[in-house]
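Chemist: structure for the following, please:
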Amino acid sequence: MRSAMILEVPTPSFGFFQRKAEAVRLLQISGRVTQVVGLVVECNGPTSRVGDLCLIESGQGEPIQAEVVGFRGDRVLLMPLGELSGVRAGCLVHSTGGCLKVPAGASLLGRTLDGLGRPIDGLGPIDPEARYPTHANPPNALERKLIER
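Modeler: Predicted coordinates for the structure are as follows:
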């Protein structure tokens, strides 16, 4: 009779696979600016929906946020949420995969913000408890708590 030999092979832990997954670079689909007419930026992608937030890389500092406002054929039409200086044909455009989200929570009490939820009062950055999408149904006015103070 032959005896069977059993080899024990150590199995990697879940943490091993988690670290490997986190190290993988995700595929990011981009487009490029084809033209700018007035305040409308036209680009040949990325794949996105009306209301999605995109980032335009002008090469001059922070990317410019822009919202998808429509389509013309196979082109994406964007409306910038900031200054367009430096944007030219060929600039990279990336979709964030969702709409603009603004900060919310008690840390905003007494602060002055611009239309995009950024502090403009000179009191430093805010640490919001949550971020809410700008494209959402408004709360029912009849179901809200009364303002007491």
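Chemist: tell me which helix or strand residue 19 sits in.
Modeler: helix 14-23 (DSSP states H and E).
Chemist: list the buried residues of that helix.
Modeler: By 16 or more other C-beta atoms under 10 Å, helix 14-23 has no buried positions at all. All C-beta spots, glycine's among them, are computed from the backbone N, C-alpha and C.
Chemist: what about the following helix or strand past it, distance to the chain center?
Modeler: Counting by DSSP H and E, the next helix or strand C-terminal to helix 14-23 is strand 30-37. Centroid separation between strand 30-37 and its chain, computed with C-alpha atoms, centre = their mean, to the nearest Å, is 18 Å.
Chemist: number of nearby residues for residue 105?
Modeler: By other C-beta atoms under 10 Å, 13 other residues sit near residue 105.
Chemist: that one contacts residue 130, correct?
Modeler: Yes - contact criterion C-beta atoms under 8 Å: residue 105 and residue 130 qualify, at 5.6 Å.
Chemist: measure the spatially most central residue of the chain to residue 90 for me?
Modeler: Note on the chain: the residue nearest the mean C-alpha position is residue 96, at 3.7 Å, using C-alpha atoms, centre = their mean. Taking C-beta to C-beta, to the nearest Å as the measure, residue 96 falls 21 Å from residue 90.
Chemist: what does residue 69 give?
Modeler: For residue 69 relative to residue 90 (C-beta to C-beta), the value is 21 Å.
Chemist: okay, those two: which has more neighbours?
Modeler: Counted by other C-beta under 10 Å, residue 69 and residue 90 do not tie: residue 69 has more neighbours, with 14 against 9.
Chemist: which of the helices or strands spans that one?
Modeler: Residue 69 belongs to strand 64-72 when assigned by DSSP H and E.
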